[in-house]
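[1] fold the following for me, if possible:
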Amino acid sequence: MRKLKFHEKKLLKKVNFLEWKRENGQREALIMGRYHIVGRDDYKKYLKICGMVTKLVNILKQIDPRDPFRIEMTNSLLEKLYNMGVIPTKKSLTLCDHLSVSSFCRRRLATVLVRLKFAEHLKEAITYIEQGHIRVGPDTVTDPAFLVTRNMEDFVTWVDSSKIKKKIMQYNEKLDDYDLLN
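    Now for the predicted structure:
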């Protein structure tokens with residue numbers, strides 16, 4: 001290994017390779033830690049979606065409010081974001097101005113499991129998902145980044161063969177003899 005020269009050492013002191021000026025490093029690390037996002041790509045995708053929605057909202061605001069195209073596009077955008085669960089109501093475009101990465105992270109399967117009291121902590125919920133204990137509708141989901149829409153939220157359950165489900169049913173005294181045999 002060669003020895004660094006003086007100007008190379010000085011350059012290394014000045015440059016922070018982990019955080020660039022134009023990036024929101026602290027906020028990114030905070031969100032990734034809070035929602036246990038493993039891949040930085042997920043954060044970047046959510047950020048890109050938020051940017052595109054904000055850009056679309058700015059374009060829609062420039063169009064005359066009585067224009068039928070604007071009304072149709074506004075209703076369509078609000079309907080999609082509301083059905084995804086990213087905005088609380090379908091009232092106005094101002095809700096889309098405050099769209100953040102956190103609003104998408106709150107719709108991830110692991111976060112929804114914690115909110116529905118399937119798990120006490122996010123780390124525990126992620127473990128359940130990765131081990132295959134959770135299903136959404138008929139499909140078993142093993143990706144904690146799976147986005148759960150408002151409609152799908154009602155169909156989040158334990159997999160039938162899950163030992164956790166059997167333990168919960170046994171605790172609640174709802175396990176019947178047939179389930180004990182299997």
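
[2] so where do the strands sit in this structure?
    Assigned by DSSP state E, the chain shows strands spanning 134-136, 139-140, 156-158.

[3] and the last one, what does it pack against?
    For strand 156-158, the elements it packs on are helix 109-115, strand 134-136, helix 163-171, judged by 3 or more C-beta pairs under 8 Å, 6 or more residues apart in numbering; DSSP states H and E. For glycine as for every other residue, the C-beta is placed from the backbone atoms N, C-alpha and C.

[4] now the first one, how far from the centre of its chain.
    Helix 109-115 has its average C-alpha position 9 Å from the chain's average C-alpha position, going by C-alpha atoms, centre = their mean, to the nearest Å.

[5] how's the chain carved up into domains?
    6-105, 109-181 (automatic domain parsing).

[6] determine the longest helix present in the chain.
    Taking DSSP state H as the criterion, the chain has its longest helix at helix 40-62.

[7] hang on, the earlier thing: closest one to residue 42 among the strands of the chain?
    With C-beta to C-beta as the measure, strand 134-136 is the member of the strands of the chain nearest residue 42 (17.9 Å).

[8] one step back: residue 3 is nearest to which of the strands of the chain?
    Nearest of the strands of the chain (C-beta to C-beta): strand 134-136, 53.8 Å.

[9] what's that closest one in contact with?
    109, 113, 118, 128, 140-141, 146, 148, 152, 155-159 (C-beta atoms under 8 Å, 6 or more residues apart in numbering).

[10] pull out the buried members of these.
    109, 113, 118, 128, 141, 146, 148, 152, 156, 158, 159 (16 or more other C-beta atoms under 10 Å).

[11] export those residues to TSV and tack on distance to residue 39 and pLDDT?
    Output for the buried ones among the contacts of strand 134-136, formatted as TSV (distance: C-beta to C-beta, whole Å; pLDDT from 0 to 100):
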residue	distance to residue 39	pLDDT
109	15	96
113	19	96
118	23	95
128	19	95
141	17	95
146	13	95
148	18	96
152	22	95
156	22	96
158	26	93
159	25	93
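
[12] these: which two are farthest apart?
    128 and 152, at 16.9 Å, using C-beta to C-beta across the buried ones among the contacts of strand 134-136.
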